[in-house]
Each structure stands twice: as structure tokens, then as C-alpha cells.
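[1] this one's structure only:
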């Protein structure tokens, strides 16, 4: 079956630090990959996605590259802001139903 | 575009009671998904509809759970004879025909079973 593994958290960084959040996956078929973000008190929002190998998804300064050879989709940002403090979920979908399989999520706290 | 809405946002009930949640998807979105999220975990798929047809149900969806989408618009999720283990956040998402894999989530309904 499908599964997503995220690095253990929480992660605490100082403002302007470099961010990497690791995500690896196991999938039957050829998945699409996603990063969702949940800000405090809000619902899940799609941050970025990639649908085929070597695609790079990007949004709000965040990037992730679909690496088929390492089955990974690591999230990066060059300079984090306090407003990036949130819970980040890696997810995948396969097949016609497009149901999402999520990782456990990781909490990011950015201090001024 | 008002986004996906869910009601109620919070529900506290006693064990053994029935509860019903409602989800209103984004207009024109033909797919509607239900997920459950427990503390410290990512959301887990429960079921989904394409228009009014319920096309898949997870093994997580026991016989006490039932979902409907009678006219292909809003959906309801009912839990009968609630148990403490049902306490969770119930999330609804919808997706448009042109981009089925891009799901837009509602704010969720947080259920607490005492």
C-alpha cells in the first residue's frame, strides 16, 4: 500500500534560517506528491505539488523536487519567517480516486 | 468562491449518542472527500463521492459510520452510537473536475465524545 514518512519533529528555527523537512514515500503506481500546511486555527491548505519525476513544485518561497530514484519530496525554504510557523504535511495520491495518504506532519516554530 | 464549509465546527457528545456533520463543498466541485485526523497524526481517508455516488469507503469506516451526498452538493457524515475512540477532527475536502487531485479542505469539525 501507500505510505508517507516524515522526519520527526518539532522543528524550531530562528528567522531567516534555512529549512529542510524530509519526506519519503512508498507507493503502488506513480504518485502525485503534495505538501499541505496548517496554520494555527486554520484548515489544511495546499502549499505545492508535483505530478511527475524531477518536477519542482514551488510556492511562497518553498520548494520541493519529486525524486523518483530516492522516493523523496523534501521541502525547502531558503529563509524562514515567523509567519511560516505551522504544521506541514507531506502527502501523495495515486489512482483514479485521488485519495490522499498523509504523513504524520511536523510542527515548525520560527522565532524572531 | 467561499471555500469548503463544515458545520458544526465543534461537537461534544456523550458516548452512545448519534452525531451528524455537514460539509458544503466549493460550488461546481464534483468530488467530495471525508478524512479523520487524530492528535499528532495526519488525516486518514474515510470515503469519497463523485457527484452523488459514494465510490470508495475505507476500512476505517465501521458500520456505525454512514455518509451521504444526496444531490451531489452538500454531504453529511453520521456516526451512530458514538464511542470515545471516535473523538477526532473530521475533515471534508472537495476537488474540481479539471483538477481532481487538487483537494481543497474545510476547517474541520472537532468531535469530543465523553
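    That came through fine. The structure displayed is predicted, hence computed values, not measured ones. Numbering: from 1, shown residues only, chains lettered A, B, ... in the order given.
[2] Surely residue B:50 is in contact with residue B:29?
    No - with contact defined as Cβ atoms under 8 Å, residue B:50 and residue B:29 do not form a contacting pair (10.4 Å). Glycine gets a C-beta too; all of them are placed from N, C-alpha and C.
[3] from memory residue B:44 sits against residue B:58, does it?
    Yes - the pair residue B:44 and residue B:58 passes the contact test of Cβ under 8 Å, sitting 7.2 Å apart.
[4] From the chain's centre, how far out is stretch B:86-97? Work that out for me.
    4 Å (Cα atoms, centre = their mean, to the nearest Å).
[5] Can you tell me how far residue B:48 is from residue A:65?
    Noted for residue B:48: a distance of 29 Å to residue A:65, by Cβ to Cβ, to the nearest Å.
[6] With neighbour numbers in mind, choose between these two.
    Comparing residue B:48 with residue A:65 by other Cβ atoms under 10 Å in any protein chain shown, the one with more neighbours is residue B:48, at 26 against 17.
[7] residue of chain B with the smallest distance to chain A?
    For chain B, the residue closest to chain A is residue B:42, as judged by Cβ to the nearest Cβ, at 3.0 Å.
[8] Could I get the contacting residues of that residue?
    For residue B:42, the contact set (Cβ atoms under 8 Å, 6 or more residues apart in numbering or on different chains) comprises A:4, A:89, A:91, A:102-105.
[9] which of those come close to chain B?
    Filtering these for neighbours of chain B using Cβ under 8 Å from any Cβ of the partner chain leaves A:4, A:89, A:91, A:102-105.
[10] So which of those wins on neighbours?
    Result: residue A:91 is most packed of the ones next to chain B among the contacts of residue B:42 (other Cβ under 10 Å), 28 neighbours.
[11] Now do the same contact list for it.
    Per Cβ under 8 Å, 6+ apart, neighbours of residue A:91: A:4, A:33-36, A:100-103, B:42.
[12] rerun at 10 Å
    A:2, A:4, A:6, A:23, A:25, A:31-36, A:44, A:46, A:49, A:73, A:99-103, A:105, B:42-43, B:103 (Cβ atoms under 10 Å, 6 or more residues apart in numbering or on different chains).
[13] Can I get the buried part of those residues as one PyMOL selection?
    In PyMOL, a selection of the buried entries from the contacts of residue A:91 looks like this (16 or more other Cβ atoms under 10 Å in any protein chain shown):
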select buried, (chain A and resi 2+4+6+23+25+31+32+33+34+35+36+44+46+49+73+99+100+101+102+103+105) or (chain B and resi 42+43+103)
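[14] returning to what we had before: any common contacting residues for residue B:44 and residue B:58?
    With Cβ under 10 Å, 6+ apart as the test, residue B:44 and residue B:58 both reach A:99, B:35-36.
[15] out of those, which are inside strands?
    Of the shared contacts of residue B:44 and residue B:58, the ones assigned to strands by DSSP state E are B:35-36.
[16] Name the nearest of the shared contacts of residue B:44 and residue B:58 relative to residue B:12.
    residue B:36 (17.0 Å; Cβ to Cβ).
[17] neighbours of that closest one, just the number please.
    Residue B:36: 21 neighbours (other Cβ under 10 Å).
[18] can you pull up the bridge partners for residue B:5?
    Taking DSSP bridges as the rule, residue B:5 bridges to residue B:24.
[19] can you pull the pLDDT of it?
    The model reports residue B:5 with a pLDDT of 95.
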